[in-house]
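Novice: I'll drop the sequence and a predicted model, then ask my questions.
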Protein chains: 2
Amino acid sequence: MSTLSLDPSLAPAATLPDSEDLEARKRRNASLDPLFFPRSVAVVGASRSRGTIGGEIFHNLISDGFPGPVYPVNPTAIAVQSVRASASVREIPGPVDLAIIVVPRDKVLDAVDDCHEKGVKGLVVISAGFKETGPSGKKVEDQLVERVRRYGMRMVGPNCMGLLNTDPRVKLNATFAPTWPPSGNVAFSSQSGALGLAILDYARELGIGISTFVSMGNKADVSGNDLLEYWEADPATRVILLYLESLGNPVRFMQIARRVGRTKPIVVVKSGRTEAGARAASSHTGAMAGTDVAVEALLHQAGVIRTDTIEELFDTALILANQPAPKGNRVAILTNAGGPGIMASDACESRGLKLPSLSASTDQSLRSFLPPEASTRNPVDMIASASATSYEKALRLLLEDEAVDSVIVLFVPPIVTEAADVAFAIRRAASGASKPVITCFMGTHGIPEALSSLREGKFPSYSFPEAAAIALSHAVRYGRWRGRPEEGQVSVSGAAPGRARATLLARGAGGREGRWLNTDEVRQILGAFGISMPVAVFAQGVEEAASASEAIGFPVAVKLASRTIVHKTDVGGVILGIAEADGVRNAVRSIEERLEHLGKRADMDGVIVQQMVPRGVETFVGVTQVPHFGKLIGFGIGGVNVEIWNDVVFRVHPLTRSDAEEMVEKIRGAKLLRGFRGAPSADREALVDTILRISALVEALPELQELDINPLVARPPGEGVIAVDARIRVAGDSV
Amino acid sequence: MSTLSLDPSLAPAATLPDSEDLEARKRRNASLDPLFFPRSVAVVGASRSRGTIGGEIFHNLISDGFPGPVYPVNPTAIAVQSVRASASVREIPGPVDLAIIVVPRDKVLDAVDDCHEKGVKGLVVISAGFKETGPSGKKVEDQLVERVRRYGMRMVGPNCMGLLNTDPRVKLNATFAPTWPPSGNVAFSSQSGALGLAILDYARELGIGISTFVSMGNKADVSGNDLLEYWEADPATRVILLYLESLGNPVRFMQIARRVGRTKPIVVVKSGRTEAGARAASSHTGAMAGTDVAVEALLHQAGVIRTDTIEELFDTALILANQPAPKGNRVAILTNAGGPGIMASDACESRGLKLPSLSASTDQSLRSFLPPEASTRNPVDMIASASATSYEKALRLLLEDEAVDSVIVLFVPPIVTEAADVAFAIRRAASGASKPVITCFMGTHGIPEALSSLREGKFPSYSFPEAAAIALSHAVRYGRWRGRPEEGQVSVSGAAPGRARATLLARGAGGREGRWLNTDEVRQILGAFGISMPVAVFAQGVEEAASASEAIGFPVAVKLASRTIVHKTDVGGVILGIAEADGVRNAVRSIEERLEHLGKRADMDGVIVQQMVPRGVETFVGVTQVPHFGKLIGFGIGGVNVEIWNDVVFRVHPLTRSDAEEMVEKIRGAKLLRGFRGAPSADREALVDTILRISALVEALPELQELDINPLVARPPGEGVIAVDARIRVAGDSV
């Protein structure tokens, strides 16, 4: 089985799986090979005492079947765990591909120098005391990275718990995990080392086979993105699991994950969901979009499956690693007990899966062998008397039914039927099926044997029906994402970025905080991207406003013009539906008086006299900047509804057409866009177009920091949209 | 230990726990004693073959230590499993308290007759083929119940899987569960028998001690409500778990659960949450599935903890059965690894728990012994080097901190510290604390020993931090509910139910479907309960409307009056803000023309000319009838918002003041009531009062089927509310 050559003159690539084709090899991040396929390993800081990190890692490396030599490095010992030790890496009597470094922080740099002299190309730095401890540790880490780069090495860590490759040709366990996980097709990387090892143990319990495990630690050199690219081309890996606490480079992550996800599902637990201390935000959009909203949007757009818990992560891995992707969301449930059937139905529907009616012929065939008390509707309840043969027959019928995309098989052990027999029946009926079959055997009496049979047949089994339904729903959503054609960013017609840029160049200095553009600038910039605002004229004083209104034609609205007052309605600064010039005069006076009263008279630049907008559905489009993420674009039902109902869908810029369409479809208030209670429906095509224009605007104007269009009034289909009120903040001149 | 007397002349009550006081015994449903504390048991249909139901139940009864005689009844065998058999219950050579019936359905009635002759007082009918199979089975079940009642017996089942009492003085296992659960203080009842037994096995795995288990089956005699009352007074039971597929008598359930919950928490999984689940429920038990909104409201009002899954049910039972109830929602997290700490924080915050800042003195004391890299903020991350002693010290400090109501302790096994040592340290620090402490030991290596130590100390341990946080959040909500004073239904001042009744008596016949009351009737009925509507006059024709408007004073609204057209805005039947009589004439004509156009001219009774309503927040109050549940009352933000955002909180009638207050507080749009963005706030006291008046109205008029007040305009505080539009449907005369 093993074709691993121990001849040190062979290149590392010679140890790679034979099945890897040239194309894949080219794409694979070959610089990581010394980490995963070394021919020899040194443990710098290997300890004679078991129960220490340096002792356990060395023990694991020599006990778990690594076929090349493992060299302990220890300046004070002749032998470590009965293996001749060297005082330094330089003194090792043979070439070394990979070094595991377990010495105290202040000895790490010297050890790296030694490794370089020895020609080591891969490092795993277990040692802690770096960036995670503060500025002085950060400094040492910077030096470490500088050396690693200069020496042309790749490094995992520091402050990590090692890595592990179950490939039978290397059997590399450079962790202190006490147990060796079963070999399989699931790659797993954890940002929390301690958690990672605990989780590895859990994976073993569940029987999830691992291809590679990496504890990333501080990610000073090898990042999650590097690993994604490595696993993309790794023939031993089918599913990629990540436990993340932060995203180092979110935009790059999105690009890579989007590509990798096309061939291999990525499942992520990202902690820090409810991050406290949301940053102070001055705009609607900013207030609604915390970091987690950005993470959620980014993972969604990249086709990454996000789970809430570690349990869900592995439950989802079980189905993705073992079963075909479901073609759709229609599930059949087969059970021998009503209660679990109901629980599974509940869980399916609450997760967006459908329980279709079965075809008449399926129903008829089921009736032909099931007792009259059985229910042949979906869920199919064969009742407690169901035999293994009934399971086999019924499952075959369900898999053949064209209304069904996947099947959940439930079994509660009654007295009469053996769990193992049912497990074998499921294997017989479902082997080779193109639809996924997952199972839930409730109660553990006599089950382990049955489960191992299912496991060999690659049919996942869950303890409770809810877990099965949740895992399946993730697989369905992933299948749907992967089924969509790949798209790039859309170019919009009639945009004139140059004009918008000219407007920005003409503006005054913004200062460090940036500044809100005035109404004219906003109008010009939106106009340059084909987003129109109602005819409006800036006026100062009562008479100028009155004559402006006569030029525009009635009815008009009068709105406060101010660069400092953001929420104009709050200060009585918006008066609508004025039918004559005297009304305009009164309106201007009333705004002035109101501001006087509030002590804000000086903030009034003048008023905008604006054409009254035709009726339509009030929507909202906004842009906000999230640190490290770039820009987020949000769409929702507008007016005050935005803040009351928080009905906004966010996506990370840049957007594809599907992203924009999804934003318009996914808001909770979408029924308002479809013509609610006799009201006209909205021009959804124009909304999608406008969202894409905003994405183009974001692309063209990197200094844009915040944008709100609220309301963006959507007229009936074919009549377009109009941005009634909008504001834009741009970065200061230093940006 | 055992004080069970086998002298048949003693009454069953003599076998009851000595610690039970007289008061409790009086309240306890003593008629169930023969089921739980029999002195002797007959198994009718006991089988010689193991692996059959009748064989397994008999085997369990004689193997698990029941101290009295167990008699097999089998007409064709001399002995069953080496015990002398009788051909009929009548021939048993001694008195029999409890009979387990496992014969085919058509022999059940005869067996019950025999039991009666023998003086049996408790029956457990395992046999199936009754109501669950359709009308003919239902008929036999009715006969069975009639006989059981006539004979003064109590019966569990039919179509059930038995019952079990772990009390050391009876050790009664009348199920075919293959394993005997550990004895403990958790009572559990399941409506699905098969599921119940599988779950018992799961409870055993988790180490949850069971007091009593009952598989309820068809609940033909002993119901969930009976069991609640029994367990209320059962000194062996501290927590009650229910798996329910239907609620037989929801209103009674609410009354009983509300009372029982004051002393013993009730935790429920109620399946049939979603549409598909409900369908399966109706075909499974023949029970009508309740609307889930009603179930949710009812359980909430009764203080019952509802969990989504069986796992959550037991996770919650673990804390309730073993730890004191938390006084509040402030949680401290203690960990030796950052990742799990973040995950626990996320889970806590997303479930409404708070992570308070620790007091300065706690912080200082923690710093005195933790390394500088540790974080002494909440979560307290002692980092991987934390020893068992650090855990003990830190946990003591957290428990003493007045800002903390409960503590979650997380442990990820590093190399240096033994899980068992940490477990013992937790026990030492937390024993006798008045605040709950729960734990999560991640990874299983070396954990089982540690867990058993925690288990003995009654400290729950969960596999993952999320499960710990979810269980704790349920305990916190229960604690809060139990901390509220008990309340009855509120009486409202100035209600004149007699006047409302007179209005109803004067109405015409409603027919089978009932009918919508006309506008005058609605006004009179609401008025009788102190809910006022704007001045309004019914008018027919253009001129009558015009003169009505002059009498009311402008501005006015003109609204279609129709007993058949429900959504008046949909047909253009509402015209607002009319400033003069000619406008009223135009409005009436326009409504007439519009209906003409729709072919609905005949549905127009006339128009209502109505005083324009002062501005305020538009809310909504409604009543609906849910089969088997009685009336549900809903409150939310009104206007079209009701249908777009579905922002309505429902409660089951009758309401307490807290219920009404909670309805007003809990809606998502509550910020609109608090004066949003400079708008005046709403008279919330008047809203609460109006909701209570509606509850009084529902109480007084049982024939009411539906009621909608939308909008109910809430004026600023002190100015009350006004019902701008309302409709009421009442049952037909036959009701």
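Specialist: Thanks, I have the structure now. Numbers count the residues shown, from 1 in each chain, chains lettered A, B, ... in the order given.
Novice: show me the contacts for A:Ala344.
Specialist: Counting by Cβ atoms under 8 Å, 6 or more residues apart in numbering or on different chains, A:Ala344 touches A:Ile333, A:Thr335, A:Pro379, A:Ile408, A:Leu410, A:Cys440, A:Pro465, A:Glu466, A:Ala468, A:Ala469. In short, each C-beta sits where N, CA and C put it, glycine included.
Novice: oh, I was asking about A:Thr335
Specialist: Taking Cβ under 8 Å, 6+ apart as the contact definition, A:Thr335 lies against A:Gly341, A:Ala344, A:Pro379, A:Val380, A:Asp381, A:Met382, A:Val409, A:Leu410, A:Phe411, A:Val412.
Novice: likewise for A:Gly129?
Specialist: With the criterion set at Cβ under 8 Å, 6+ apart, A:Gly129 makes contact with A:Pro104, A:Arg105, A:Gly137, A:Val140, A:Asn159.
Novice: confirm the third one sits in a helix?
Specialist: Yes: according to DSSP: H, G, I helix; E, B strand; the rest coil, the state of A:Gly137 is that of a helix.
Novice: where does the nearest residue to it once chain neighbours are set aside land on pLDDT?
Specialist: Spatial nearest neighbour of A:Gly137, excluding adjacent residues (Cβ to Cβ, 6 or more residues apart in numbering or on different chains): A:Phe130 at 4.5 Å. pLDDT for A:Phe130: 91.
Novice: list, one by one, the residues from the stretch 201-350 of chain A near chain B.
Specialist: Proximity of the stretch 201-350 of chain A to chain B is confined to A:201-202, A:205, A:243, A:245, A:269, A:271-274, A:276, A:308-311, A:336-343, A:345-350 under the rule Cβ under 8 Å from any Cβ of the partner chain.
Novice: in helices, which of those appear?
Specialist: Those of those mapping onto helices are A:201-202, A:205, A:310-311, A:338-343, A:345-350, per DSSP state H.
Novice: now, of those residues, which are buried?
Specialist: By neighbour count, with 16 or more other Cβ atoms under 10 Å in any protein chain shown, these hold A:201-202, A:310-311, A:338-343, A:345-350 as buried.
Novice: check which helix or strand covers the spatially most central residue of chain A.
Specialist: To find the centre residue of chain A, average its C-alpha atoms and take the closest one (Cα atoms, centre = their mean): that gives A:Leu299, at 2.0 Å. Assigned by DSSP states H and E, A:Leu299 belongs to helix A:291-301.
Novice: restricting to C-alpha, output stretch A:712-731 in CSV.
Specialist: Listed in CSV are the C-alpha atoms of stretch A:712-731, where the atom choice follows Å, rounded to 0.1, in the frame of the first residue of the first chain:
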residue,chain,number,x,y,z
LEU,A,712,-35.7,54.7,-2.3
VAL,A,713,-39.2,54.7,-3.7
ALA,A,714,-39.9,51.8,-6.0
ARG,A,715,-42.6,52.6,-8.6
PRO,A,716,-44.7,49.9,-10.3
PRO,A,717,-42.9,47.5,-12.7
GLY,A,718,-41.4,49.4,-15.6
GLU,A,719,-41.5,52.7,-13.9
GLY,A,720,-38.2,52.5,-12.0
VAL,A,721,-37.1,53.8,-8.7
ILE,A,722,-36.3,57.2,-7.3
ALA,A,723,-34.0,58.1,-4.5
VAL,A,724,-35.9,60.6,-2.4
ASP,A,725,-33.4,61.2,0.3
ALA,A,726,-29.8,60.2,0.4
ARG,A,727,-26.6,61.0,2.2
ILE,A,728,-23.0,60.1,1.7
ARG,A,729,-20.0,60.3,3.9
VAL,A,730,-16.5,60.2,2.4
ALA,A,731,-13.1,59.8,4.1
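Novice: check whether that stretch contacts chain B.
Specialist: No: using Cβ under 8 Å from any Cβ, no contact is recorded between stretch A:712-731 and chain B, whose separation bottoms out at 14.3 Å.
Novice: if we can go back for a sec, which members of the contacts of A:Gly129 occur in helices, if any?
Specialist: With helices identified by DSSP H, the entries of the contacts of A:Gly129 that belong to them are A:Gly137, A:Val140.
Novice: most neighbours among the contacts of A:Gly129, please name it.
Specialist: Neighbour counts for these were taken using other Cβ atoms under 10 Å in any protein chain shown; the highest belongs to A:Asn159, which has 23 neighbours.
Novice: surely that residue and A:Val140 touch.
Specialist: No: when contacts are counted by Cβ atoms under 8 Å, A:Asn159 is not listed as touching A:Val140 (11.3 Å).
Novice: not counting its neighbours along the chain, what's nearest the closest residue to chain B within the stretch 251-400 of chain A?
Specialist: As assessed by Cβ to the nearest Cβ, chain B sits closest to A:Gly339 within the stretch 251-400 of chain A, at 2.7 Å. Counting by Cβ to Cβ, 6+ apart, A:Gly339 lies nearest to B:Ser192, which is 2.7 Å off, once chain neighbours are set aside.
Novice: can you give the domain ranges for chain A?
Specialist: Under the assignment automatic domain parsing, the domains of chain A span A:12-179, A:324-483, A:535-612, A:617-730.
Novice: as JSON lines, those domains with distance to B:Ala374 would be great.
Specialist: Supplementary listing: the domains of chain A in JSON lines, determined by distance: least, Cβ to Cβ, whole Å:
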{"stretch": "domain A:12-179", "distance to B:Ala374": "11"}
{"stretch": "domain A:324-483", "distance to B:Ala374": "35"}
{"stretch": "domain A:535-612", "distance to B:Ala374": "43"}
{"stretch": "domain A:617-730", "distance to B:Ala374": "26"}
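Novice: up against chain B, what does the stretch 1-150 of chain A have?
Specialist: On the criterion Cβ under 8 Å from any Cβ, chain B has as its neighbours in the stretch 1-150 of chain A the residues A:Gly51, A:Thr52, A:Ile53, A:Glu56, A:Glu132, A:Thr133.
Novice: so which of these is the closest to B:Met604?
Specialist: The nearest member of the residues of the stretch 1-150 of chain A next to chain B to B:Met604, counting by Cβ to Cβ, is A:Glu132 at 76.1 Å.
Novice: how close does the nearest residue to the closest one once chain neighbours are set aside get to B:Ala679?
Specialist: Spatial nearest neighbour of A:Glu132, excluding adjacent residues (Cβ to Cβ, 6+ apart): A:Asn159 at 5.5 Å. When distance is defined by Cβ to Cβ, to the nearest Å, A:Asn159 is 53 Å away from B:Ala679.
Novice: same check, this time on A:Leu313
Specialist: With the distance defined as Cβ to Cβ, A:Leu313 ends up 45 Å from B:Ala679.
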